[in-house]
Each structure stands twice: as C-alpha cells, then as structure tokens.
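Q: need a structure here:
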Amino acid sequence: MTQPISPETARHVLWHWGRPGGVQPGSFTQSLMVTIDRADYVHTALLRTIYPALVAALKDGNADTVAKLQTIASGKAAA
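A: Here you go, the predicted structure:
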C-alpha cells in the first residue's frame, strides 16, 4: 500500500471486511466500498483518482493487509 491511509479509512475497511478494529462508516462510504469491491480494472482506476486511500486499502493488499490496517486504525503507526 503506497497511498497513505488514515486511521478512519483503516477502521472503515476493517468493518467492511468484518475484522476486529473496524468501525461502521456512513451509508455513502459503505456503498462506495461495495462499488470499489465490484469495480473492474478500468473503473477501479477511475475511482482511485477520486478516493486513492480507500481504493489502496481495499485493493492493494496482501497477506499482511489486515494486520497493517489494524495497526493504523489503533493509531500506533502512520500509514
């Protein structure tokens, strides 16, 4: 993940994935995360121009992503 991710964004993505440390966002952000999840490559690229941190948190992950987001969400590390 190269885009800086705020603690708030990390908590929202964790909630979206049903992971500990998550906090439910508002309905717009919930719908946006579903849209990003469903987007094909072209639309993901378009969404990344407007919501770079959210797309990075949802799409640029690897096996360590959840642990990294939990650390960011707790405020123990900057993204």
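Q: for the chain, what spans make up the strands?
A: Counting by DSSP state E, one finds no strands in the chain.
Q: could you list the low-pLDDT ranges of it?
A: Across the chain, the ranges flagged by pLDDT under 70 are 1-2, 77-79.
Q: tell me the centre residue of it?
A: Centroid-nearest residue in the chain: residue 57, 3.3 Å away (criterion: CA atoms, centre = their mean).
Q: contacts for the longest helix along the chain next, please.
A: For the chain, the longest helix by residue count, based on DSSP state H, is helix 27-38. The set of residues external to helix 27-38 that reach it, using CB atoms under 8 Å, 6 or more residues apart in numbering, is 12, 13, 16, 24, 25, 44, 47, 51, 54, 55, 58, 59. (Glycine included, C-beta is placed from N, CA and C.)
Q: so which of the residues you listed are in helices?
A: Secondary structure assignment by DSSP H places 12, 13, 16, 44, 47, 54, 55, 58, 59 of these in helices.
Q: re earlier: and the residue nearest to the centre of the chain, how far is that from residue 17?
A: Per CB to CB, to the nearest Å, residue 57 is found 10 Å from residue 17.
Q: what do you get for residue 71?
A: Counting by CB to CB, the gap from residue 71 to residue 17 is 15 Å.
Q: with residue 50 instead?
A: Relative to residue 17, residue 50 is positioned 21 Å away (CB to CB).
Q: the more surrounded of the two?
A: Neighbours were counted for residue 50 and for residue 17 using other CB atoms under 10 Å; residue 17 has more, 16 against 9.
Q: where does that one fall, phi/psi-wise?
A: Main-chain dihedrals, residue 17, degrees, to the nearest 10: phi -90, psi 0.
Q: what is the burial count for the nearest residue to it once chain neighbours are set aside?
A: Leaving aside its chain neighbours, residue 17 sits nearest to residue 66 (7.0 Å; criterion: CB to CB, 6 or more residues apart in numbering). Residue 66 is flanked by 16 other residues according to other CB under 10 Å.
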